[in-house]
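Participant: can you look at this prediction? I've put the sequence above it.
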Amino acid sequence: MHRRDVLKLTALTPLLPSLLRAAPPPSPRVVIFVELGGGNDGLNTLVPRRDPAYRRLRPRLALPADALLALDDAVGFAPALAPLMPLWEAGQLAVAQGVGAPEPNRSHFASIARWDTGQLRPRDTVGWVTTARGDEGAGSVVLGGEAGPLAGPRTLVVERPERFLRAADALRPVPTPAGPAALDHLVRTRRATRAGAAAVRAALARAPALDAFGDDPLGRQLRTAARLILGGAPVHAIKVRHDGFDTHAGQPGRHPRLLEQLAVGLAALRAALAPADAWRRTLVVTYAEFGRRPAENGSGGTDHGTAAPHLLLGGAVRGGRYGAPPRLDDLVDGDLRHTLDYRRLWATAAAHWGLRRAAGGPAPLWG
Amino acid sequence: MRTLLPPLLLALLAAPAAALPPDEARHLLARTGFAPAPADIDALAPLDRDGAVAHVLATARVTPATPPPAFVHADPGPRPRGEAQREARRAAWRDQRQALLAWWLNEMIQTPSPLTERMVLFWHGHFTTSARKVKAPTLLYGQNALLRRHALGDFGALLRSVARDPAMLIYLDGARNRRRAPNENFAREVMELFTLGEGHYTEDDVKEAARAFAGWSVDRRTGRFVERPRWRDPGPKTVLGHTGDLDGDDVVDRLLAHPRTAEHVVERLWIHFVSPSPDAAVVRRVAADFRHHRRIDRALGALLRSDAFWDPANRGALVKAPVVLVAGTLRQFDLAPPPPRRLHRLLAAMGQVPFLPPTVKGWPEGAGWIGSATLLARDAALRRFVRRTRLDRWIAALPPAWRRADRVALLLAPRPPLTAPTEGPVDAALIGALLTDPTYQLH
């Protein structure tokens, strides 16, 4: 067939590509969990515009008032978050303020375990998403960091897609055994892993290349996330990690760059998903083990703290501010009092999947 | 090849009519050690089951067979003054922690008593402590040594030592538990995880026990246990129905006397050594004795002699923990552990880095070891191992009687392999097939 004929045929039959390829499976609602690894400095993310205490606590780190991107009279985004402003204006960005837990724990490990499990005294090694939603059939895919909320027996950890697919290919098929439950579990896990890898492979083969993402680690992870979604992977939870927020020193150089990578990456995600109408079924939620101390330390940085704001984005998000900004004149041991329980973020994610709220459980932020 | 027992002892233990079949000897040694060698299996042949169990228990040690790194003998020392010095110490401690991990793995490979190290690993998952909170490697080693000293001895002495162990006092905040600022962390976990189990104590028991433990602390400079009399909380307290001016030892005594403690520990031993589902009647019987004699070796011996342990249906019923898989493979093929950083990465991908348990509950046992991610890590590691190891040398060193496919399969697989052959030539391809067969993940 001549090239001209191909073009003509394509022009005449816009449906051709979908006829040639296998139809993608029905598209589930997806939550993308963005871990701000190390604990984000909330006060330099969502900044109080009128509170003189902000500048008093942070003589060196305070962001200049005239550079802030005002959300309203009270608060503004750090300038590095500029790429997110169109989402804010479109009502597709919710800001949860003062998110934290009772009896805050300032250890990275102990605190993130609470987020991962949704338990105040973590016991489970399985993440809350797995408990609430299951992780079967490529439903849960971890693209960076620990599996965290997605930790579970069938969760796929896909740090580098090519390497993951190669390793899964090497799992030889085995016959169904008669024997103890442990052997059965092993063989089932092998099969599920091969099937999950096949779903990932098929989705990546169907997906467009998406060149608009940055080449930083977060950009690469979000690009893979978008490709999985657009390629029709049967995925309901994706986890990525944006690392480097443990800014004990040299924060003025590092923190704006991290926020900018975050904003650029999330804006690119929306741009990739919106045309295919996949943005409507996607919810992005940021989380971190803790925020940072309101007062700067002696090294141009901030130490482990408590509450922080988090972002929720997506086509179905009800935009706006939720909760109250923590008060800077009412600190506990020099730290912020949280105003919104972290489990309400998880309740919002669960509501996005259509899970019913447990009696007496935390309420979603909207709906 | 290592041999486990001197011939004289063997002659004494040998019962006249008994002969332990190689598959039974292998089962016992695999469950109580790290991948038995052919010579270990042959050595048990003259014994009966009870004799073999007695023999394995008799190997128990209270000290390691290889010298630990020199830094374990140094005090943690005072907190350095400047940020740069603190960062330097953090970096040094990171390296030391990895060296400690490499040392322990090597001890598992070298020790003449694999059971001892399996028990230390068991207790490390029970009385767990994480390097994420206890940063000084010397304290982590101190706890490791403590667990070995009592690994198969008196459970009462073990629990009493754990309650005073500096690493435990830091990990569960006992070190800062004082009258004016009580901290209930240790009091709660000692009841919930170490002894009684949930549902067998009240919130008041926790609060009152925390008062009784107040004042047991750590001198941060020396890293030693100290009692701080001014932190004590005198006066009557009521724990588990007993009232008096109780101190920490009194609470430990109450916990030891409680029937649930013995049952809880015996149940955990069962799940670790026998099968995923404890037999309630046997557990109750063994626990009733254990509550009085408190000898860990006797309780374990009773479980190893039980019918359930020898039931063919329970062969390969347990998933090898990552540490057992790695140390066992290295021990089996007479290899040294990889460099500390690589070892750490390898174990992390499989989900078990010693000194870094995921929660205060230790590691999830059994089927919890196997998920999509950890399965891929195990499989990839074993395939890499097969590619890079001179398996022909190992084959050449096998005793002649063991240089047969069915014998090698018996050695490496706890039950008939699913994909690997059990006949034909003994070559690298056969060993590779056995090591990547699903049954190799089990014991």
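Facilitator: Yes, it's here. Numbers count the residues shown, from 1 in each chain, chains lettered A, B, ... in the order given.
Participant: lowest average confidence, helix or strand, in chain A?
Facilitator: helix A:3-12 (a mean of 36; mean pLDDT, DSSP states H and E).
Participant: and what of chain B?
Facilitator: Ranking every helix and strand in chain B by mean pLDDT, DSSP H and E puts helix B:7-13 at the bottom, with a mean of 53.
Participant: on contacts alone, who are the packing partners of the next helix or strand along the chain from that helix?
Facilitator: Sequence order places helix B:22-31 as the next helix or strand after helix B:7-13, per DSSP states H and E. Here helix B:22-31 touches helix B:38-44, helix B:49-58, helix B:307-310, helix B:405-412, going by 3 or more C-beta pairs under 8 Å, 6 or more residues apart in numbering or on different chains; DSSP states H and E. (Each C-beta comes from the backbone N, C-alpha and C, glycine too.)
Participant: again, only this time at 10 Å
Facilitator: Helix B:22-31 is packed against helix B:38-44, helix B:49-58, helix B:114-126, helix B:307-310, helix B:322-332, helix B:405-412, with contacts defined by 3 or more C-beta pairs under 10 Å, 6 or more residues apart in numbering or on different chains; DSSP states H and E.
Participant: which residues sit against whichever helix or strand comes after the last one?
Facilitator: On the C-terminal side of helix B:405-412, the closest following helix or strand by DSSP H and E is helix B:428-435. Helix B:428-435 is touched from outside by A:172, B:329, B:332-333, B:379, B:382-383, B:385-387, B:389-395, B:405, B:408-409, B:411-413, B:417, B:419-424, B:440-441, with contacts defined as C-beta atoms under 10 Å, 6 or more residues apart in numbering or on different chains.
Participant: separate out the buried members of these.
Facilitator: B:329, B:332-333, B:379, B:382-383, B:385-386, B:389, B:391, B:394-395, B:405, B:408-409, B:411-413, B:417, B:420, B:422, B:440-441 (16 or more other C-beta atoms under 10 Å in any protein chain shown).
Participant: so what's the residue count around residue A:126?
Facilitator: By other C-beta atoms under 10 Å in any protein chain shown, the residues close to residue A:126 number 21.
Participant: let me see the contact set for it.
Facilitator: A:116-117, A:135, A:147, A:149-153, A:155, B:364, B:368, B:371.
Participant: run the last query once more with 6 Å
Facilitator: A:151, A:152 (C-beta atoms under 6 Å, 6 or more residues apart in numbering or on different chains).
Participant: how about residue A:292: what's its closest non-neighbour residue?
Facilitator: Once flanking residues are discounted, residue A:292 sits nearest to residue A:302: 3.8 Å by C-beta to C-beta, 6 or more residues apart in numbering or on different chains.
Participant: try residue A:303
Facilitator: Going by C-beta to C-beta, 6+ apart, residue A:303 has residue A:293 as its nearest residue, at 4.9 Å.
Participant: surely the one you found touches residue A:306?
Facilitator: No. Residue A:293 is not in contact with residue A:306 according to C-beta atoms under 6 Å; the separation is 8.4 Å.
Participant: more crowded one of those two?
Facilitator: Taking other C-beta under 10 Å, residue A:293 and residue A:306 do not tie; residue A:306 has more neighbours (28 against 23).
Participant: show the average pLDDT along the helix or strand containing residue A:239.
Facilitator: According to DSSP H and E, residue A:239 maps onto strand A:237-243. Mean pLDDT, computed over strand A:237-243, is 97.
Participant: then stretch B:296-306?
Facilitator: Average pLDDT, stretch B:296-306: 98.
Participant: may I see the buried residues of that stretch?
Facilitator: B:296, B:297, B:299, B:300, B:301, B:302, B:303, B:304, B:306.
Participant: those residues: which two are farthest apart?
Facilitator: B:296 and B:306 (16.0 Å; C-beta to C-beta).
Participant: mind checking how far residue B:45 is from residue B:300?
Facilitator: Between residue B:45 and residue B:300 the distance is 23 Å, computed by C-beta to C-beta, to the nearest Å.
Participant: kindly report the same for residue A:80.
Facilitator: Using C-beta to C-beta, residue A:80 is found at 59 Å from residue B:300.
Participant: same question for residue B:72.
Facilitator: Note on residue B:72: its distance to residue B:300, by C-beta to C-beta, is 28 Å.
Participant: can you give me the helices for the stretch 201-350 of chain A?
Facilitator: Along the stretch 201-350 of chain A, counting by DSSP state H, counting those that start in this stretch, helices occupy A:217-230, A:251-273, A:343-352.
Participant: give me whichever of the ones you listed is most buried.
Facilitator: Greatest average neighbour count among these goes to helix A:217-230 (a mean of 24), per mean count of other C-beta atoms under 10 Å in any protein chain shown.
Participant: that one - contacts with which helices or strands?
Facilitator: For helix A:217-230, the elements it packs on are strand A:237-243, helix A:251-273, judged by 3 or more C-beta pairs under 6 Å, 6 or more residues apart in numbering or on different chains; DSSP states H and E.
Participant: neighbours of the residue in the stretch 151-300 of chain B positioned nearest to chain A, how many?
Facilitator: Of the stretch 151-300 of chain B, the residue with the smallest distance to chain A, taken as C-beta to the nearest C-beta, is residue B:276 at 6.6 Å. The tally of other residues near residue B:276 (other C-beta under 10 Å) stands at 17.
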